[in-house]
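J.: Quick one, what's the 3D model for this:
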Amino acid sequence: MATKMYAGKEVEVNEEGFLLNKDEWTKEMAPEIAKEVGIEQLGEKHYAVIDFIRDRVGAGEQLSMRGMGKSGVVELKEFYQLFPGKPLKYATRISGVPKPTSCV
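T.: The predicted model follows:
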């Protein structure tokens with residue numbers, strides 16, 4: 001375990017940078033985490049995806065690429081554009097929730 005400082009708050013993260021306690025996450029942390037994965041700026045659509053992810057994980061649901069595409073929040077092609085490279089992994093990390101089991 002390691003600690004990171006985001007938006008002036010120290011949090012514990014795992015070896016991949018995922019917060020260990022999703023309740024410590026704040027919206028102000030998202031842009032700093034995004035920069036670590038190569039996303040320079042978050043827009044309205046990014047935050048819609050982040051809110052969706054936090055709501056679903058909070059409800060105990062498992063996330064998947066297929067589920068994201070069927071979410072009604074973002075189409076799969078757009079999801080790849082918003083979070084290039086590893087969209088589900090990066091989106092969940094920026095959202096402050098645990099890495100989905102479907103991610104490698």
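J.: so how far is the host helix or strand of Val49 from its chain's centroid?
T.: Val49 belongs to helix 44-58 when elements are defined using DSSP states H and E. Distance of helix 44-58 from the chain centroid (Cα atoms, centre = their mean, to the nearest Å) equals 8 Å.
J.: by contact count, what packs against that helix?
T.: Judged by 3 or more Cβ pairs under 8 Å, 6 or more residues apart in numbering; DSSP states H and E, the packing partners of helix 44-58 are helix 30-36, helix 76-82, helix 87-95. No exception for glycine: its C-beta is placed from N, CA and C like everyone else's.
J.: how about the nearest residue to Leu20, chain neighbours excluded?
T.: Leaving aside its chain neighbours, Leu20 sits nearest to Glu12 (4.5 Å; criterion: Cβ to Cβ, 6 or more residues apart in numbering).
J.: Using CSV, write out the CA atom coordinates for the one helix or strand the one you found maps to.
T.: Assessed by DSSP H and E, Glu12 sits inside strand 9-13. The C-alpha trace of strand 9-13 is given here as CSV (Å, rounded to 0.1, in the frame of the first residue of the first chain):
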residue,chain,number,x,y,z
LYS,A,9,-6.1,15.1,1.0
GLU,A,10,-3.9,12.1,1.7
VAL,A,11,-5.4,8.8,0.6
GLU,A,12,-4.2,5.1,0.5
VAL,A,13,-4.0,3.5,-2.9
